[in-house]
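Asks: Give me coordinates for this.
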Amino acid sequence: MLSFKGTQLPKDVIIYAAFFYVKYGVSYRDLEEIMEEIGVEVDHATLNRWVIRYSPAIAVKAKSQKRETNRAWHMDETYIKVKGQWTYLYRAVDSHSDTLDFMLSGRRDEEAATAFVKQTINNNGFPDKVVMDKSGANYAGLANINLLLILAGFTTLIDILQVK
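Replies: Here you go, the predicted structure:
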C-alpha cells in the first residue's frame, strides 16, 4: 500500500502527475507547466521524486486493469535514432492498432526477434496469428517460438503470415 504521509498535496494530484509523466513521457519541466495550468504549483524536482516513488505502483495497477488483446498481431521493426545512436525498434500491435509491446535492440537478428516475441507473449499471452513483412529475422524468431511450443507438447501453433 502506498503511503502519502507527509505530502503537501492530495494523493489524487500526486498520482495524476506521476501517471501523466509515465503515460505521455513529457519532461519534468513541461509537467511542471502542465500542473500550473490546472492550478497546482509544484517544482519539477518534486515531480521527479513523485515519479520515482509512485510510478512502480501505477504500473502494477495499470497492468492489472489492462484490457484483453486481440489474438491477431502485426509485428514490424524499423531503424530509428535514439540519443544519437541508430537502433532497431521492434513493435507489435493488435488488429485495433493498440501497441502490445516494443523493444529497442542494437541488432536485427533471430536472437533479438525471438527475445521480442517472448517478451510480447509474456505480457499479452499467445496470439493465434502474426502478420509481418518478409523479414527473415522476425520469421525466424516466431519459428523458434513455434518450435518451443512443439517441444512442449502443444498442438496449436502460431500462424505466421508474411505480406509484401
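
Asks: Nearest the geometric middle of this structure, what residue?
Replies: Asp101 (4.2 Å; CA atoms, centre = their mean).

Asks: Find the residue closest to that residue in space, skipping its chain neighbours.
Replies: Distances taken as CB to CB, 6 or more residues apart in numbering place Thr120 nearest to Asp101, at 4.2 Å, with adjacent residues excluded. No exception for glycine: its C-beta is placed from N, CA and C like everyone else's.

Asks: got the CA coordinates for the helix or strand encompassing that neighbour in PDB?
Replies: Per DSSP states H and E: Thr120 is located in helix 110-124. The C-alpha trace of helix 110-124 is given here as PDB (Å, rounded to 0.1, in the frame of the first residue of the first chain):
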ATOM      1  CA  GLU A 110      17.000 -14.100 -34.900                       C
ATOM      2  CA  GLU A 111      18.100 -13.700 -31.300                       C
ATOM      3  CA  ALA A 112      16.600 -10.200 -30.900                       C
ATOM      4  CA  ALA A 113      13.400 -11.200 -32.700                       C
ATOM      5  CA  THR A 114      13.000 -14.300 -30.500                       C
ATOM      6  CA  ALA A 115      13.600 -12.200 -27.400                       C
ATOM      7  CA  PHE A 116      11.000  -9.700 -28.500                       C
ATOM      8  CA  VAL A 117       8.400 -12.300 -29.300                       C
ATOM      9  CA  LYS A 118       8.900 -14.000 -25.900                       C
ATOM     10  CA  GLN A 119       8.600 -10.600 -24.200                       C
ATOM     11  CA  THR A 120       5.400  -9.800 -26.000                       C
ATOM     12  CA  ILE A 121       3.900 -13.200 -25.300                       C
ATOM     13  CA  ASN A 122       4.800 -12.900 -21.600                       C
ATOM     14  CA  ASN A 123       3.000  -9.600 -21.400                       C
ATOM     15  CA  ASN A 124       0.000 -10.400 -23.600                       C
END
